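> Turn this into a model:
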Amino acid sequence: MTVAFFSGSRRRAAVALGAVSAGLLVLSACDKPTPLATLTVGTESVHTEAACYNDGDAIKESQIQQCLNKKAETSITVSADDKIRFGVDPKIADNGWTIFLGGQQAEPEPYKKTYRTIPASAFFSSQSGEATDKTQVTIVENTGKKLTGIWHFQLKKDTNS
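Modelled structure (predicted):
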C-alpha cells in the first residue's frame, strides 16, 4: 500500500518553493554589473561597463598593462569643435578617476566629481604632434596608487565637419 506524504496543495507549495530556491541560486551565480562610464557629445551618449574591474579592489599589478591595452568596444563620433561630457558612477568618483590616452596617463591628479566636460580638439593630436582621426580614451578609477577600474572608449573624428 502506498502512502501520500503530502496533500496536493502541499506538494504544489513544495514544488514552488523548490523553483524559487533554484532561481535564486542561478541569480546568485551571476556577476554583479560593474559601474558605468558614459560619454556624451551633443545629444548622443554611449556608455560601457569596465574592461577590468575587481569589485572596487585593486587590479592585480600583472593585469594592469593588459587591461590598459585592450581595445575599446564602444565608440562615438565627434567634431573638433564638440565638447565631450564624461560621466562616471558616483562610486567611481568617490575614489577618483583620471583620463588615459593611448594607454598613457594624461593628467596628474584624480578627478573626484561625477561629471566633466573637455573639448574634443584636445584628443585629436598624436604624441608626435600629427593629427589623427581616432583615439582611444580610457577612464581609470584609482584609489591613491592602486588602479581599481578601467573603462575604454574610442573617439572617431567626424571628417564631414
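
> Would you mind listing the residues in contact with E109?
Counting by Cβ atoms under 8 Å, 6 or more residues apart in numbering, E109 touches T98. Where C-beta positions appear, they are placed from N, C-alpha and C, glycine not excepted.

> what about this structure, any weak spots by pLDDT?
1-32, 125-131, 161 (pLDDT under 70).

> Okay, D89 and K145: tell me how far apart.
Between D89 and K145 the distance is 21 Å, computed by Cβ to Cβ, to the nearest Å.

> These two: which is more packed in?
Neighbours per residue, other Cβ atoms under 10 Å: of D89 and K145, the larger number sits with D89, 19 against 6.

> Apart from its neighbours in sequence, what residue is nearest N69?
Computed as Cβ to Cβ, 6 or more residues apart in numbering, the closest residue to N69 that is not its neighbour in sequence is G103, at 5.7 Å.

> Next, give phi and psi for that neighbour.
phi 80, psi 0 (degrees, to the nearest 10).

> Quick check: it touching K70?
No - here G103 does not reach K70: they are 9.4 Å apart, not a contact under Cβ atoms under 8 Å.

> Burial check on A120, number of neighbours?
If we define neighbours as other Cβ under 10 Å, then A120 has 20 of them.

> er, Q104 I mean
Around Q104 there are 9 residues (other Cβ under 10 Å).

> same check, this time on I59
22.

> my read: it touches Q66, true?
No - counting by Cβ under 8 Å, Q66 is not a contact partner of I59; they are 9.7 Å apart.

> For the strand ranked longest in the chain, which helices and strands make contact with it?
For the chain, the longest strand by residue count, based on DSSP state E, is strand 146-157. On a contact count with 3 or more Cβ pairs under 8 Å, 6 or more residues apart in numbering; DSSP states H and E, strand 146-157 meets strand 37-41, strand 44-48, strand 52-53, helix 61-68, strand 75-78, strand 134-143.

> Nearest to D94, out of the ones you listed?
Closest approach to D94 among those (Cβ to Cβ): strand 134-143, 9.1 Å.
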